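A.B. asks: here are the coordinates; sequence isn't available:
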Ligand SMILES: [Zn+2]
């Protein structure tokens with residue numbers, strides 16, 4: 001249920017209890033003889049009290065409590081007293097228990113989330129220099145013990161006694177026919193389907209916080225990155241956060257006649273980051289100049305930007321000593337400590353897919369391979385080369401020239417957005433208008449705007465939803481001293497899509513137990529629906545049919561790229577699982593090898609270059625524990641959802657609201673109810689074929 005809270009576009013953490021809530025487990029310690037006897041007696045007396053028609057519910061409920069009962073919860077008599085007192089019959093008594101638990105959990109989650117958000121202010125928001133204290137506050141997790149406290153207080157046992165645990169197989173097979181209440185009951189029980197000790201949870205929070213901290217300040221001062229012949233290709237003061245800003249700078253430079261040399265230099269920077277050959281002193285430091293090609297570092301004579309507190313004026317070429325892989329390994333080790341509590345899913349990869357995404361990993365990789373193996377890849381690749389007037393280079397995986405905005409210079413776009421949005425407040429004030437232009441009624445636009453707070457982010461931006469109905473969603477975006485540049489604006493529109501989904505799926509949904517969407521890919525999908533219209537919202541006009549075809553090609557090319565990234569991420573975690581004692585250096589070698597392998601298999605045939613490492617650059621690989629697969633899944637889902645909105649006769653507002661209110665079903669059930677079809681790459685492949693045919697020169 002992480003997806004219900006956060007559009008995880010920037011480094012942001014969830015309360016561990018919420019992260020771990022999305023789980024189901026039907027195994028546990030075998031019950032002691034005493035408990036077996038107490039169970040049997042409790043079943044008997046409950047049958048006497050409730051009649052044989054309740055027998056199946058009684059047997060299931062008592063067994064579910066016994067499965068998670070530990071000696072410290074009490075002796076056999078305490079066990080029996082609890083189940084006999086708390087079991088309720090269906091009808092009004094069960095409805096009342098359901099209602100109480102639903103409300104109580106909403107309040108607990110909601111207040112913990114807002115408390116956690118407040119404690120992380122210094123870490124997440126651009127409030128000036130980062131203090132060491134901010135890191136401590138950010139690492140402090142008030143809900144770290146919530147999950148265990150719910151067991152200790154026996155609240156979890158009341159839920160387990162009265163509501164059914166389900167397996168992914170059951171939800172996939174039967175969920176399609178469930179009522180809303182049945183879905184809500186399934187999610188209620190699922191919340192208590194694991195019992196992880198607080199210290200293990202705290203270890204997770206700590207490891208993710210360390211990863212996030214590392215990524216949040218991983219900037220490159222581009223004016224200080226030199227070509228082999230000593231030239232500065234980038235403007236003074238340009239600070240790019242890895243990897244988001246580096247990648248977006250490559251995309252933006254397709255509109256720059258002098259862009260090629262700059263793109264090559266950024267690609268070299270990325271390669272050094274992945275291989276950890278970047279000099280440690282060149283990270284987040286405008287006091288030194290770095291020449292990636294030679295690995296040379298010199299003290300810089302140019303003072304163009306204030307130096308962060310960590311920056312050292314030292315001309316040392318020593319490489320960053322595998323820090324990237326040490327943080328990533330730290331998250332693996334913290335996740336590894338949870339393995340005993342998931343006996344059904346002994347690997348993190350399976351757990352992340354079966355529990356978090358509710359799509360089996362084999363089915364998921366099949367979906368990605370269907371995109372990567374399509375012969376359309378070579379055709380679109382030839383078209384890209386033709387449009388560029390040169391052979392493809394590796395960084396052309398980020399080719400941005402299919403987008404209508406590729407024709408407009410970044411500077412011109414920056415000027416427009418800076419003028420319109422000098423501050424975060426200016427963007428906030430424009431939200432009602434933006435939402436009306438997107439197709440929401442004036443009343444809904446106002447309703448939403450009142451529930452979204454806009455703030456300047458320290459990192460690249462993120463959307464933090466609420467977890468109680470009376471709290472607000474938070475939109476965080478990077479606003480520079482001169483105002484919001486185009487990148488910041490583009491991210492803000494994306495995050496606003498998350499926020500709108502978060503408000504509808506929390507505040508106006510029928511059951512808060514179903515708050516959110518099936519998994520993070522779906523919240524990304526809904527955010528992309530907004531983001532795709534950012535230029536239109538700037539007053540640059542709605543796209544024409546030709547532009548729509550280009551947008552399809554852009555989507556295909558982008559999905560292909562991020563599918564490659566996801567395969568690298570999955571393979572890296574698989575490698576860790578078979579090499580749990582690996583050192584950071586060994587892990588670095590493995591990831592570099594995996595990135596090259598995936599490249600050689602799926603990209604080298606199109607690009608004519610082998611052994612490229614760029615697919616390993618994504619920052620969320622390092623700090624988010626197998627999050628990147630949500631991106632390609634999000635693209636595919638978004639494509640289906642966007643296609644769905646295109647067929648609407650009227651504005652999209654009301655339908656967007658209906659879809660958000662489906663809530664946290666399985667992906668399959670959600671997609672069928674949202675657009676009438678299961679998750680599939682076929683709509684994207686079909687549209688790509690049509691777009692190629694519609695190109696002026698025909699398919700190349
Ligand atoms: Zn997002």
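C.D. replies: Alright, I've got the coordinates. Everything quoted here is computed from the prediction, not taken from an experiment.

A.B. asks: who's in contact with residue 121?
C.D. replies: Residue 121 makes contact with 127, 137, according to C-beta atoms under 8 Å, 6 or more residues apart in numbering. In this view, the C-beta of every residue, glycine as well, is placed from N, C-alpha and C.

A.B. asks: Over to residue 618?
C.D. replies: Contact analysis of residue 618 by C-beta under 8 Å, 6+ apart lists 243, 565, 569, 628.

A.B. asks: Could you give the number of residues near the last one?
C.D. replies: Counted by other C-beta atoms under 10 Å, the residues lying close to residue 628 total 23.

A.B. asks: Not counting its own residues, what contacts stretch 298-315?
C.D. replies: The contact list for stretch 298-315, computed with C-beta under 8 Å, 6+ apart, reads 129-130, 217, 219, 221, 223-224, 232, 236-237, 239, 281, 284-289, 297.

A.B. asks: In strands, which of those residues fall?
C.D. replies: Within those, membership in strands is found for 219, 221, 239, 288, 289, 297, as judged by DSSP state E.

A.B. asks: Quickly name whichever of those residues is closest to residue 163.
C.D. replies: Among the ones in strands among the contacts of stretch 298-315, residue 219 lies closest to residue 163 (C-beta to C-beta), at 47.9 Å.

A.B. asks: OK, contacts around residue 423?
C.D. replies: Neighbouring residues of residue 423 by C-beta under 8 Å, 6+ apart: 479, 483.

A.B. asks: and the gap between it and the ion?
C.D. replies: From residue 423 across to the ion, the span is 23 Å (C-beta to the ion, to the nearest Å).

A.B. asks: circling back to that earlier point, which entries within the contacts of residue 618 meet the buried criterion?
C.D. replies: The neighbour-count criterion (16 or more other C-beta atoms under 10 Å) marks 243, 565, 569, 628 among the contacts of residue 618 as buried.

A.B. asks: what's the closest non-adjacent residue to the residue in the stretch 101-250 of the chain positioned nearest to the ion?
C.D. replies: Closest approach of the stretch 101-250 of the chain to the ion (C-beta to the ion) occurs at residue 244, with a separation of 11.1 Å. Residue nearest to residue 244 in three dimensions, not counting chain neighbours: residue 460, with 4.6 Å by C-beta to C-beta, 6 or more residues apart in numbering.

A.B. asks: Residue 373: neighbour count?
C.D. replies: A count of nearby residues for residue 373, using other C-beta under 10 Å, gives 11.

A.B. asks: The closest residue to it other than its chain neighbours - how many residues pack around it?
C.D. replies: The spatial neighbour of residue 373 that comes closest, neighbours along the chain excluded (C-beta to C-beta, 6+ apart), is residue 602 at 7.8 Å. With neighbours defined by other C-beta under 10 Å, the count for residue 602 comes to 21.

A.B. asks: pretty sure residue 602 is touching residue 372, no?
C.D. replies: Yes: counting by C-beta atoms under 8 Å, residue 372 is a contact partner of residue 602 at 4.4 Å.

A.B. asks: Around residue 301, how many other residues sit close by?
C.D. replies: Applying other C-beta under 10 Å, we find 6 residues neighbouring residue 301.

A.B. asks: which stretches of the stretch 201-350 of the chain form helices?
C.D. replies: Listed in chain order, the helices of the stretch 201-350 of the chain (DSSP state H, counting those that start in this stretch) span 244-252, 259-274, 323-336, 348-351.

A.B. asks: Pull out the buried positions in the longest one.
C.D. replies: Read it as helix 259-274. Buried residues in helix 259-274, defined by neighbour count with 16+ other C-beta under 10 Å: 259, 262-274.

A.B. asks: I'd like the distance between residue 130 and residue 175.
C.D. replies: For residue 130, the distance to residue 175 equals 44 Å [C-beta to C-beta, to the nearest Å].

A.B. asks: and if you look at residue 44?
C.D. replies: Counting by C-beta to C-beta, the gap from residue 44 to residue 175 is 33 Å.

A.B. asks: Off-centre distance for stretch 672-692?
C.D. replies: Here stretch 672-692 is found 22 Å from its chain centre; the criterion is C-alpha atoms, centre = their mean, to the nearest Å.

A.B. asks: That one - what's its average pLDDT?
C.D. replies: Averaging pLDDT along stretch 672-692 yields 93.

A.B. asks: Repeat that for stretch 142-155.
C.D. replies: Computed over stretch 142-155, the mean pLDDT rounds to 92.
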